[in-house]
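# turn this into a model:
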Amino acid sequence: MKRILFSFIMLTAGFMQAQNNTSYWQQHVDYKMEVDVNVENFQYTGTQELTYTNNSPDTLNRVFYHLYFNAFQPDSQMNARLESVPDPDGRMTINKGTKENPEIVSRISGLTKDQIGYLRVNSLTQNGEALKYEEVGTVLEVELAKPILPGSKTTFNMEFKGQVPEQIRRAGRNSAEGVALSMSQWYPKLAEYDFQGWHADPYIAREFHGVWGDFDVKISIDKDYVLGSTGYLQNP
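Modelled structure (predicted):
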């Protein structure tokens, strides 16, 4: 029996290796962004130029962007999950009842129009040609004007607007630690495409790996603010 089992494992391993014999590749992005932050209403506007290199063996007819801040709205999937699961994230809920008779409520459900977070795409082009796109919760689904062939590049230009939500989890405004704007996933972020396909899942409090690339970002904000980020400062 052990010999049969061992033989089966070896055959299975060989089959799996044969099915995944494509040489390694990963997609690449080059972002150029200019962002203007209004610290009075916690809103910001931005432009984004994204050069996308398709290093995969596949032809791409669609792309997807993550719009993470859209999760911080009462009608979002993340809010619905917080109100339905038996053990929601304690950082994102409040107990309106007692310890003996808890009444757990999502903090997102009580956000007003001025307190919610959002990311909205106002325009999007591919190599200068306007694209059709649809905002589906925290994901932007984009139909391409021309397919992106294996080994080729294309350039997307976008105008977008966002609002930083009330501090709910790690992202948000005016944290207990004194950080005015905690913005780790604040821009429309292209979803990853790998050998498993597109990773364009809705955001329900679990973030996703992104496309490897380079970022050239200019942020305009009130001079009394100090910015924290990785990278190389160009205008000290």
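# how about Leu227: what's its closest non-neighbour residue?
Ile219 (6.3 Å; C-beta to C-beta, 6 or more residues apart in numbering). In short, each C-beta sits where N, CA and C put it, glycine included.
# how far away is the one you found from Gly231?
11 Å (C-beta to C-beta, to the nearest Å).
# the more surrounded of these two?
Ranked by neighbour count (other C-beta atoms under 10 Å), Ile219 and Gly231 place Ile219 first, with 15 against 9.
# shouldn't the more buried one be within a strand?
Yes: assessed with DSSP: H, G, I helix; E, B strand; the rest coil, Ile219 lies in a strand.
# for it, name its beta-bridge partners.
Val35 (DSSP bridges).
# name the helix or strand of this protein that has the lowest mean pLDDT.
helix 2-19 (a mean of 46; mean pLDDT, DSSP states H and E).
# contacts only, for the residue most central in space within the chain.
Nearest to the geometric centre of the chain sits His66, at 3.5 Å (C-alpha atoms, centre = their mean). If you count contacts by C-beta atoms under 8 Å, 6 or more residues apart in numbering, His66 has them with 138-140, 185, 188-191, 200, 203, 208, 210.
# same thing but at 6 Å, please
Going by C-beta atoms under 6 Å, 6 or more residues apart in numbering, His66 touches 189, 191.
# where's it relative to Val211, distance?
Relative to Val211, and taking C-beta to C-beta, His66 is found at 11 Å.
# rewinding a little: Val136 versus the residue nearest to Leu227, what's the distance?
If you go by C-beta to C-beta, the gap between Ile219 and Val136 works out to 28 Å.
# tell me where this protein has helices.
2-19, 77-84 (DSSP state H).
# alright, I will stop here.
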